[in-house]
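Colleague: Coordinates for the following, if possible.
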Amino acid sequence: MTDAVIDLDRLHDPSDEHPEPGIRRFRKPRLPFLAVSILLLVLLGGSARLPAERVPTIVAVRVGESIYLDPHRLHVVSPPSAASRVVTTYSLPGGELLARTPIGDIGQLGIVSLVASAGDTLLVSYQPVYPDPPTTVGIRLGAAQPSWEVPAQLVSASADAGLGLLGSGDYRDWSAVDLATGKLRWSLGTPEDGDLTRLGNGFPRRMVTAAPDGHVELHDGVSGALLRAVDLPADPAWNQQGITVWAGDEAMLIEGEGGLTAYGMNDLTARWTVPIDLTDDSYVEPDCAGSICVFGLADGLKALDPATGAVRWSSDRWSTATAIGSALMVRGTEVGDAVPGRFPLAVVDPATGKVLADYGRWQPYGPVRPDGTVVVLRQVGTVVNYGLLDPAVPALRLLGTATGISGDCNATIDFLVCRRLDASVAIWDIR
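Modeller: Predicted structure coming up:
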């Protein structure tokens, strides 16, 4: 068995058996890179060969048709040029035809913005001709007519709760409707010059509204019930420029004249204020693997201590961060890297910011899986390598290589989907 080093930043192309002659410049590998390479060697049993290409299921899709992905279903929408548009639904990963559901002609439908399903209900959001508001319809799979219709945009749906979250065209008014009937369960509006923020990925666990006079309300995301309300001391900046809120499981952050103030989510009482400038198109991520992350266009990422607001570490290299258990997965523009469009992926120590593993131009897709791994892809031209990144180790396990891919890839917890050069859809089972 031979030893090998797998370059995470170089795409494997099966057709590249005879590279063009030329001088290759070798650089001293970085320690995180070596660590990931060694882990890859262990996971691959010391072999230099990448895993054999998995045989995907192919679903015939035509040019102009768009695709939408559910956890266990693929929806294909006929093109705008079709006289009568249809959503064709297939199962994952086998690609079996489940239903063909007519959704109207192009004059009625406008631009389709989202297609999803929950149980036997198909949900379609579309934008009619301006200035009509966005519209969402609920249709039983395969039925000829919608069961209900509401003038709002579908944002997310919860099959467990039987609810769909809808937003108005300007996303200032929010509501939840029963997926089976379209009946309104609750509605919330954004206060004038105020803010409304959701807590939780997908369907929200809680909703927070805040007004410039300091009135803050915390609502349950499923029932809409008021859980807590408080009148905070009004900040002069709120009347001048409005109020902005970021909410997490443990803390709510509000920008004010004195900087950033943290409030406990349980009692909505102030914990601390730090003089951080948030005018540079900044945003805050309250749940950031044990820290509070503040992002700015010029300053990059600052990780704050949630107990005191003190800066634990900072880096101008990162522009996004995702907490996965106790690990922090970050992305951003490589400092000093002149390659346009490059957004490196890395895992850092959330306490210190130290880079534990650098994955170069690999990109994450889909939600975090139950075991804490994330689907990652690396595409150059029509060749795609795909694998699973485990930020806790950290390690990247290669699953396979695909050729003839045009792009438009997406992933669920169990499946990976990509468009091919002939517009068809390839489905891989990655369980």
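Colleague: Ala303: which element?
Modeller: Using DSSP states H and E, Ala303 falls within strand 300-304.
Colleague: hmm, I was thinking of Ala237
Modeller: Under the criterion of DSSP H and E, Ala237 resides in helix 236-241.
Colleague: Let me know the next secondary structure element after the strand holding Ala303.
Modeller: Using DSSP H and E, the helix or strand that follows strand 300-304 in sequence is strand 311-315.
Colleague: circling back to that earlier point, what is the orientation angle of the strand holding Ala303 with strand 311-315?
Modeller: 160 degrees (axes from the mean of the first three to the mean of the last three CA atoms, to 10 degrees).
Colleague: which other helices and strands contact strand 300-304?
Modeller: Under the contact criterion of 3 or more CB pairs under 8 Å, 6 or more residues apart in numbering; DSSP states H and E, strand 300-304 touches strand 291-296, strand 311-315. For every residue, glycine as well, the C-beta is placed using N, CA and C.
Colleague: can you pull the buried residues of the helix holding Ala237?
Modeller: When burial is assessed from 16 or more other CB atoms under 10 Å, helix 236-241 yields the following buried residues: 237-238.
Colleague: sorry, back to before: just send the helices and strands packed on strand 300-304 back as a markdown table, with distance to Arg431, mean neighbour count and mean pLDDT too.
Modeller: Shown next, in a markdown table, are the helices and strands packed on strand 300-304 (distance: least, CB to CB, whole Å; neighbours: other CB atoms under 10 Å; pLDDT from 0 to 100):
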| stretch | distance to Arg431 | mean neighbour count | mean pLDDT |
| --- | --- | --- | --- |
| strand 291-296 | 32 | 23 | 92 |
| strand 311-315 | 35 | 16 | 95 |
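Colleague: and Thr412, which of those is closest to it?
Modeller: Nearest of those to Thr412, taken as CB to CB: strand 291-296 at 26.3 Å.
Colleague: partners of the closest one in the sheet?
Modeller: Taking DSSP bridges as the criterion, strand 291-296 pairs within the sheet with strand 283-288 (antiparallel), strand 300-304 (antiparallel).
Colleague: Below-threshold pLDDT in the stretch 201-350 of the chain: ranges please.
Modeller: Scanning the stretch 201-350 of the chain for pLDDT under 70 picks out 280-281, 333-342.
Colleague: 50 instead, please
Modeller: 336-341 (pLDDT under 50).
Colleague: those strands in it, which residues are they?
Modeller: Using DSSP state E, counting those that start in this stretch, the strands of the stretch 201-350 of the chain run over 206-210, 215-220, 226-231, 245-247, 251-256, 259-264, 270-274, 283-288, 291-296, 300-304, 311-315, 320-324, 327-331, 345-348.
Colleague: Find the residue closest to Asp414 in space, skipping its chain neighbours.
Modeller: Spatial nearest neighbour of Asp414, excluding adjacent residues (CB to CB, 6 or more residues apart in numbering): Arg431 at 4.9 Å.
Colleague: again with Ala310
Modeller: Using CB to CB, 6+ apart, the closest residue to Ala310 is Leu304 (6.7 Å).
Colleague: The strands of the stretch 201-350 of the chain into TSV, with extra columns for distance to His75?
Modeller: Listed next are the strands of the stretch 201-350 of the chain as TSV, based on distance: least, CB to CB, whole Å:
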stretch	distance to His75
strand 206-210	28
strand 215-220	30
strand 226-231	35
strand 245-247	31
strand 251-256	36
strand 259-264	41
strand 270-274	45
strand 283-288	31
strand 291-296	33
strand 300-304	36
strand 311-315	40
strand 320-324	26
strand 327-331	28
strand 345-348	29
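Colleague: and Pro56, which of these is closest to it?
Modeller: strand 345-348 (23.9 Å).
Colleague: Show me what the closest one is packed against.
Modeller: Applying 3+ CB pairs under 8 Å, 6+ apart, one finds that strand 345-348 contacts strand 327-331, strand 355-358.
Colleague: do you know which of these lies nearest Gly104?
Modeller: Nearest of those to Gly104, taken as CB to CB: strand 327-331 at 39.0 Å.
Colleague: helices or strands up against the closest one?
Modeller: In terms of contacts (3+ CB pairs under 8 Å, 6+ apart), strand 327-331 is packed against strand 320-324, strand 345-348.
Colleague: Between those, which one is closest to Val177.
Modeller: Evaluated over those, closeness to Val177 peaks at strand 320-324, with 29.7 Å, by CB to CB.
Colleague: how far is that closest one from where the chain is centred?
Modeller: Mean-position distance between strand 320-324 and its chain equals 10 Å (CA atoms, centre = their mean, to the nearest Å).
Colleague: Just name the most buried of the strands paired with strand 291-296.
Modeller: When the strands paired with strand 291-296 are scored by mean count of other CB atoms under 10 Å, the highest mean neighbour count falls to strand 300-304 (a mean of 24).
Colleague: For the chain, which segments count as helices?
Modeller: Ranges of helices within the chain are 31-43, 106-109, 236-241, based on DSSP state H.
Colleague: Compare those and say which comes out lowest on pLDDT.
Modeller: Ranked by mean pLDDT, the helices of the chain bottom out at helix 31-43, with a mean of 42.
Colleague: Arg172 contacts Gly189, doesn't it?
Modeller: Yes: in this structure Arg172 lies within contact range of Gly189 using CB atoms under 8 Å: 6.6 Å.
Colleague: which residues do those two both contact?
Modeller: Shared contacts of Arg172 and Gly189, defined by CB atoms under 8 Å, 6 or more residues apart in numbering, comprise Leu196.
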